[in-house]
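Peer 1: just need the structure, nothing else, for what follows:
(one chain, ligands or ions: 1)
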Amino acid sequence: MPAVLEIEGLRKTYRSRRRGTRNALDGFDMRVEAGQVHGFLGPNGSGKTTTLRTLLGLIRPDGGRMTILGHEVPAALPQIAGQVGAIVESPQFFPHFSARDTLSLLASAGEVPVPRVDEVLELVGLRDRAGERVKTYSLGMKQRLAVASALLKNPKLLILDEPANGLDPGGIREMRTLVRNLAQSGMTVVLSSHILGEIQLICDSVTIISLGRRVAFGPVDEVLAQHSSGAVRVRLEAVTDLPVAATALHKAGYRVSANPDHLMLAGVDKPATVTRLLAEQGLYVSELAPVAVDLESVFLELTNTAPVPGQHRQVDQSVRVNGAESSAPTAGGWGA
Ligand SMILES: Nc1ncnc2c1ncn2[C@@H]1O[C@H](COP(=O)(O)OP(=O)(O)OP(=O)(O)O)[C@@H](O)[C@H]1O
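Peer 2: Got it, this is the predicted structure:
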């Protein structure tokens, strides 16, 4: 199947005299097939927005290759701009304009037929408030207007950075239905979000980025299956022993992620060895159960960002390369 979006070896380093040099993308790869809803996931500062802005020609990469709809970008962006709709970072609208005025202006600038304005207002659920000024809108309504503006051209590829941001639960569900309907109509949708349960529900495939590199990709079911084998949940008689247990298991080579009342281990062949190892440290297991993992557990494990009680993970994932105090990525996993 042809890829609608393909990225190979993308590199971007931000250089600033004051802040030093920071690697945002370090040979990042991504591939999105036609007609899919593709989730683009990564911790804060892992390089998602840099990737999307680079794709759209807003940032110049330092290396790598990108194609959209089979055309090399950024060179071919002027030819394919009409086939790509995107919201990357919250767009700003004139506060005194209504949603209908805003979209009509954008439609005339983009040579979009006028009836399309009412179609997209209906699609995003703004029809009844379309005549009111944007400054009176809630955050969620502004978000819907942003999506409407990206849909005006009826694009082949729709890129949405955090589309559920600010939406209430009903709005999130409506956004899910909208995205699925768009994909059924043949549109390819790339969706970045931190709401992993939502991504698991909505997406056919995912790419997970960490430290500017792809750490997992493929159909959601396959990514989950790859990481479910040998996954076990460990509870201890004393919850307060979890940090010590995590450190011991980590030292023994297990991949460990922490939760407030249990640990998740990956790649466990023989569960008995876990029980023995912990017992030797005077740590007593109250439960050791195989589990089917969800996307959140896979994400936390692969990006090493599971919360650790008593530690405050620093948000920025990127690596400062020189000219600065130590700022290697702060690992968030137990015993890291
Ligand atoms: N204009 C810039 N100048 C310097 N550094 C930048 C710039 N833009 C982004 N960065 C850095 O590049 C790294 C990646 O940022 P990016 O915005 O791509 O992350 P992200 O994955 O989108 O994060 P989030 O989930 O928080 O939106 C971060 O360390 C960020 O501080």
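
Peer 1: ok, stretch 26-39 near the ligand or not?
Peer 2: No - against the ligand, stretch 26-39 shows no contacts by CB under 6 Å from any ligand atom, the least distance being 10.3 Å. No exception for glycine: its C-beta is placed from N, CA and C like everyone else's.

Peer 1: which helix in this structure has the most residues?
Peer 2: Longest helix of the chain, by residue count under DSSP state H: helix 169-184.

Peer 1: domains in this structure, by residue range?
Peer 2: Per the record, the chain has its domains at 3-225, 232-291+304-309, by automatic domain parsing.

Peer 1: from those domains, which stretch is densest packed?
Peer 2: Burial of the domains of the chain is given as mean neighbour count (mean count of other CB atoms under 10 Å); domain 3-225 ranks first at a mean of 18.

Peer 1: quick check: mean pLDDT of it?
Peer 2: For domain 3-225, mean pLDDT is 91.

Peer 1: for the ligand, what are the nearby residues on the protein?
Peer 2: Residues of the chain lying near the ligand by CB under 6 Å from any ligand atom: 14, 16, 22, 24, 42, 44-50, 316, 318.

Peer 1: what about 5 Å?
Peer 2: Counting by CB under 5 Å from any ligand atom, the residues of the chain close to the ligand are Tyr14, Ala24, Gly42, Asn44, Gly45, Ser46, Gly47, Lys48, Thr49, Thr50, Asp316, Ser318.

Peer 1: quick one, what contacts the third one?
Peer 2: Translated: Gly42. Contacts for Gly42 (CB atoms under 8 Å, 6 or more residues apart in numbering) come out as Lys48, Ser192, Ile208, Ile209, Ser210, Thr303, Gln317.

Peer 1: again with the second one
Peer 2: Contacts of Ala24 were listed using CB under 8 Å, 6+ apart, and they are Lys12, Thr13, Tyr14, Gly47, Thr50, Gly212, Ser318.

Peer 1: show me where the stretch 201-336 of the chain has helices.
Peer 2: With DSSP state H, counting those that start in this stretch as the criterion, the stretch 201-336 of the chain has helices at 220-228, 242-251, 271-280, 295-303.

Peer 1: show me the contacts for Glu237.
Peer 2: Listed by CB under 8 Å, 6+ apart, the contact set of Glu237 reads Tyr284, Val285, Ser286.

Peer 1: confidence score at the last one?
Peer 2: As summarised for this prediction, Ser286 has a pLDDT of 94.

Peer 1: partner residues bridging the nearest residue to Thr303 once chain neighbours are set aside?
Peer 2: By the measure of CB to CB, 6 or more residues apart in numbering, the closest residue to Thr303 outside its immediate chain neighbours is Ser210, 4.1 Å from it. Ser210 forms beta bridges with Arg213, as assigned by DSSP bridges.
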